[in-house]
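[1] this one's sequence-less:
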């Protein structure tokens, strides 16, 4: 029987809905922060980092935009580029970016694809370097760029516990020995929940004449200064920790020591195709862009109701608690070193080892998510690095100590029975 089937069978008979969570973080008006969202209280949501969660007020703002669109589609779509431009400027301002450097796109992977297509259009071989901490879709796109351009793709191994100095040393060794045109590196990694020293990496790559794409998918809302301005291109999702409606992300291009700013074009040409960057991205035909228009509201709403400093502090505290409580439960179940050293830990995300010694693939660990959720009421992410399986927890304002305790007292025993 597969691990995912075992997880279903071991817990389903005793599954109960989650108890009402303790207050945890409060809004400025004294309400539990969780009341700002529509999350199902039958589950404990410890995986904000995968798909985010949109506050109710922001969903209502998006619904207002949709109502305007449907009330007069002609007026809506004629005026839509102007609405997008204003939303783009508001997002750029909150991210600390120049409005002329940033555009709105569907997600970080789409932004990376735009960079790859721009480089492919130069009609020369592109030699690409990635790391083994990269997000799968972005890495696969980089490797396709290398194939289609006639270049090469190489991947640098970075140990899980590598310090910032270790990361820089390994990249320096690789760039000194291999031809490279583009380095793709994560700001906050998805499979390993750690940060990379992207500013120093950009300086290093530029010294070798190599452009840098920084994948900042998890950065907005997590890092106070999310955009890596030293990167030739940066992409970041607003639907994760920023809590915008899904399908909202930012791409930013900068002039660097490696060359002028990339002349980025949307993946789909529309009537703005002859405009300059980033205005050409404001024209997206008849796509429903209400998510983009509601993106500024998400950040402003959470600042008004709670405050981003308080959200970041609370999220980090919840993950510190998870390291202690869930880590202790895993240790008691026989897991050695349950809280791995990830070199540069990130506030709202943590990695913990799963029981057992088997070797895992990405698809195998990913298949655990839904069965584990269905059987325990705990929503988490499972990841893999170098064949070792981990549970990745991530928190936001709505996360409570009760959620963490439930993962320790119910989630860990389910994992031990299912895959230990």
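    Now that the structure is in, tell me what you want to look at. Here the structure is a predicted model, which is why all the values come from computation and not from measurement.

[2] what packs against the helix or strand where residue 382 lies?
    In this assignment (DSSP states H and E), residue 382 forms part of strand 381-385. Strand 381-385 makes packing contacts with helix 362-366, helix 369-376, strand 388-394 when contacts are defined by 3 or more CB pairs under 8 Å, 6 or more residues apart in numbering; DSSP states H and E. (Each C-beta comes from the backbone N, C-alpha and C, glycine too.)

[3] now do the buried residues in the shortest one.
    The reference is to helix 362-366. 364-366 (16 or more other CB atoms under 10 Å).

[4] which member of those residues is positioned nearest residue 297?
    Nearest to residue 297 among the buried residues of helix 362-366: residue 366, at 32.1 Å, using CB to CB.

[5] tell me how far the ends of stretch 131-142 are from each other?
    11 Å (CA to CA, to the nearest Å).

[6] and stretch 359-370, by the same measure?
    20 Å.

[7] ok now stretch 117-125, how far from the chain's centre?
    27 Å (CA atoms, centre = their mean, to the nearest Å).

[8] ok, and what's touching it?
    Contact with stretch 117-125 is made by 126, 145, 148-152, 181-182, 211, 262-265, 267, as judged by CB atoms under 8 Å, 6 or more residues apart in numbering.

[9] using ChimeraX, define a selection of the buried residues within those residues.
    Applying 16+ other CB under 10 Å to the contacts of stretch 117-125 leaves a buried subset, and the ChimeraX line that selects it is:
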select :126,145,149,151,152,181,182,211,262,264
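
[10] can you list which of the contacts of stretch 117-125 are found in strands?
    182, 211 (DSSP state E).

[11] let me know the closest of the contacts of stretch 117-125 to residue 133.
    Closest approach between these and residue 133, by CB to CB: residue 182, at 16.6 Å.

[12] which non-adjacent residue is nearest residue 139?
    residue 130 (5.0 Å; CB to CB, 6 or more residues apart in numbering).

[13] residue 143 versus the one you found, what's the distance?
    Separation of residue 130 from residue 143 (CB to CB, to the nearest Å) stands at 8 Å.

[14] more crowded one of those two?
    residue 130 (25 against 19; other CB atoms under 10 Å).

[15] surely the more buried one meets residue 153?
    Yes: in this structure residue 130 lies within contact range of residue 153 using CB atoms under 8 Å: 7.2 Å.

[16] what residues are shared contacts of those two?
    In contact with both residue 130 and residue 153: 142-143, using CB under 8 Å, 6+ apart.

[17] the helix or strand hosting residue 418: which residues count as buried?
    Using DSSP H and E, the element containing residue 418 is helix 412-419. Buried residues in helix 412-419, counted by 16+ other CB under 10 Å: 412-419.

[18] and if you look at stretch 387-395?
    388-395.

[19] what's the answer for stretch 41-53, then?
    43-49, 52-53.

[20] mind putting these into a markdown table with secondary structure?
    As requested, the buried residues of stretch 41-53 are exported to a markdown table (DSSP: H, G, I helix; E, B strand; the rest coil):
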| residue | secondary structure |
| --- | --- |
| 43 | coil |
| 44 | strand |
| 45 | strand |
| 46 | coil |
| 47 | strand |
| 48 | helix |
| 49 | helix |
| 52 | coil |
| 53 | coil |
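
[21] which among those gets closest to residue 237?
    residue 52 (7.7 Å).

[22] ok, now which ones touch the closest one?
    So residue 52 contacts 237, 239-244, 246 (CB under 8 Å, 6+ apart).

[23] same thing with residue 312?
    222, 224, 347-348.

[24] in what helix or strand does it lie?
    helix 308-332.

[25] what does the helix or strand following that helix rub up against?
    Downstream of helix 308-332, the next assigned helix or strand under DSSP H and E is strand 349-353. With contact meaning CB under 8 Å, 6+ apart, strand 349-353 is reached by 49, 188, 192-194, 218, 319, 322-323, 326-327, 330, 335-340, 342, 383, 388-395.

[26] ok and strand 349-353 relative to strand 381-385, angle-wise?
    70 degrees (axes from the mean of the first three to the mean of the last three CA atoms, to 10 degrees).

[27] now do strand 349-353, average pLDDT.
    On average, the pLDDT along strand 349-353 is 98.

[28] can we start the residue count at 766 from this point?
    With the count now opening at 766, the last piece we talked about shows up as strand 1114-1118.

[29] quick one: distance of that strand to the chain centre.
    The answer for strand 1114-1118 is 15 Å, by CA atoms, centre = their mean.

[30] which residues touch residue 897?
    920-923, 1150-1151.

[31] let me have those in JSON lines, extended by pLDDT, neighbour count and distance to residue 847.
    Converted to JSON lines, the contacts of residue 897 look like this (pLDDT from 0 to 100; neighbours: other CB atoms under 10 Å; distance: CB to CB, whole Å):
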{"residue": "920", "pLDDT": "98", "neighbour count": "17", "distance to residue 847": "43"}
{"residue": "921", "pLDDT": "98", "neighbour count": "19", "distance to residue 847": "44"}
{"residue": "922", "pLDDT": "98", "neighbour count": "11", "distance to residue 847": "48"}
{"residue": "923", "pLDDT": "98", "neighbour count": "22", "distance to residue 847": "44"}
{"residue": "1150", "pLDDT": "97", "neighbour count": "21", "distance to residue 847": "45"}
{"residue": "1151", "pLDDT": "96", "neighbour count": "11", "distance to residue 847": "49"}
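
[32] pull out the buried residues from the helix holding residue 1077.
    1073, 1075-1077, 1079-1084, 1086-1088, 1090-1092, 1094-1095.

[33] how far away is residue 942 from residue 870?
    Residue 942 is 34 Å from residue 870, by CB to CB.
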